[in-house]
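Chemist: Below: sequence and its predicted model.
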Amino acid sequence: MFIDTHCHLSVEDYDDIDSVILENREAGIDKIIISGCTRESIIESLDLAKKYPDVYVTIGYHPSETDITTYDDIMKLEEQIKQEKVVGIGEIGLDYHYGKENKDAQMHLFRRQLAMADRHHLPVVIHSRDATLDTINILKEFPRVKADIHCFSGSLETAKIYISLGYYLGIGGVVTFKNSKLLSVVKEIGLDHILLETDSPYLTPEPNRGKKNSSKYIPDIAKCIAEGLGISVEEVSKITLENTNTLFDLGSKL
């Protein structure tokens, strides 16, 4: 049994969502947490959570949405996060990959959503690209907020900093890539702060790289980690499920 802690599910990316959900279940995926991080995807994600019993959501405005996110959007988000199957705010954060022209605005939006998470006692899902130091420094301003560092692929040093702050690291398909050093990081830190994710439809793990990603490939990620650590896939499942339930409090949402 597995939980995909971070994926994207949309009619824009998948022709038949009913089939996607069925394939997930057949692959042993007990639940998925989909991320709505634009105005449109937030609404779609909330609708999917109402339709499918195994779908939960995190919602929030991605840093790429900074320049078009309005005050009204944030006020509406504060109401949307109160819906029954919302388990966190995200993915939110900082992304300087294409430039820092709106860096201050990104940080402002990030802080507003972290403050919202703090008020409502919700964890956050963090997107950080080429912005590690600013991400860490801003997160430290909100010590009560728990976090999932989504799609982590950083250094061992960075991993240890996040773990020292009590955060979890979302490990996805990158860990299976032959040129990735992520598995060596996971070997050093162990499983106590690891979550499994796909970030589907992106970053499909080996041996299916080149195909559209899906939550059904979570077992491939678990197998890679299990082999790297010299433990069973069942042990990876057990520990990562416990971590997921601890962070997202899924037991209270059933």
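Modeler: Yep, that arrived. Numbers count the residues shown, from 1 in each chain.
Chemist: need the longest strand for this protein.
Modeler: Identified as the longest strand of the chain according to DSSP state E is strand 86-95.
Chemist: now for that one, which elements pack on it?
Modeler: strand 29-36, strand 55-59, helix 103-120, strand 124-129, helix 132-139, helix 233-248 (3 or more CB pairs under 8 Å, 6 or more residues apart in numbering; DSSP states H and E). In this view, the C-beta of every residue, glycine as well, is placed from N, C-alpha and C.
Chemist: what lines up beside that strand in the sheet?
Modeler: strand 55-59 (parallel), strand 124-129 (parallel) (DSSP bridges).
Chemist: Can you tell me the element the closest residue in space to residue 85 that isn't next to it in sequence falls in?
Modeler: Spatial nearest neighbour of residue 85, chain neighbours left out: residue 49 (4.1 Å); criterion: CB to CB, 6 or more residues apart in numbering. Following DSSP states H and E, one finds residue 49 within helix 39-51.
Chemist: Buried residues of that helix, list them for me.
Modeler: By 16 or more other CB atoms under 10 Å, the buried positions in helix 39-51 come out as 39, 41, 42, 44, 45, 46, 48, 49.
Chemist: check contacts around the second one.
Modeler: I take that to be residue 41. 8, 10, 35 (CB atoms under 8 Å, 6 or more residues apart in numbering).
Chemist: doesn't residue 184 make contact with residue 155?
Modeler: No - contact between residue 155 and residue 184 fails when scored by CB atoms under 8 Å: they sit 10.2 Å apart.
Chemist: Show me where this structure dips below the pLDDT cut-off.
Modeler: 251-254 (pLDDT under 70).
Chemist: before we move on, back to that, turn the buried residues of helix 39-51 into TSV, columns for distance to residue 120.
Modeler: Listed next are those as TSV, based on distance: CB to CB, whole Å:
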residue	distance to residue 120
39	20
41	20
42	16
44	22
45	17
46	16
48	21
49	17
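Chemist: just the residues you listed now: which is nearest residue 66?
Modeler: Nearest to residue 66 among the buried residues of helix 39-51: residue 39, at 13.0 Å, using CB to CB.
Chemist: From residue 197, how far out is the nearest residue to the closest one once chain neighbours are set aside?
Modeler: Nearest residue to residue 39, sequence neighbours excluded (CB to CB, 6+ apart): residue 73, at 6.4 Å. Distance from residue 73 to residue 197, counting by CB to CB, to the nearest Å: 25 Å.
Chemist: What of residue 21?
Modeler: Between residue 21 and residue 197 the distance is 17 Å, computed by CB to CB.
Chemist: Compare those two (neighbour count), which wins?
Modeler: Taking neighbours as other CB atoms under 10 Å, residue 21 and residue 197 compare with residue 197 leading, 29 against 22.
Chemist: and the residue lying closest to residue 200 once chain neighbours are set aside, how many residues sit next to it?
Modeler: Of all residues not flanking residue 200 in the chain, residue 213 sits nearest, at 3.8 Å (CB to CB, 6+ apart). Residues lying near residue 213 (other CB under 10 Å) number 21.
Chemist: quick check, residue 213 in a strand?
Modeler: No - counting by DSSP: H, G, I helix; E, B strand; the rest coil, residue 213 falls outside a strand, being coil.
Chemist: about what we covered before: just checking, the residue nearest to residue 39 is part of a helix?
Modeler: Yes - under three-state DSSP, residue 73 sits within a helix.
Chemist: Renumber starting at 10 from here on
Modeler: Okay, using 10 as the starting number, the last item reads as residue 82.
Chemist: does it really touch residue 47, like I thought?
Modeler: No - counting by CB under 8 Å, residue 82 stays clear of residue 47, with 9.8 Å between them.
Chemist: intersection of neighbour lists for these two?
Modeler: Shared contacts of residue 82 and residue 47 (CB under 8 Å, 6+ apart): residue 70.
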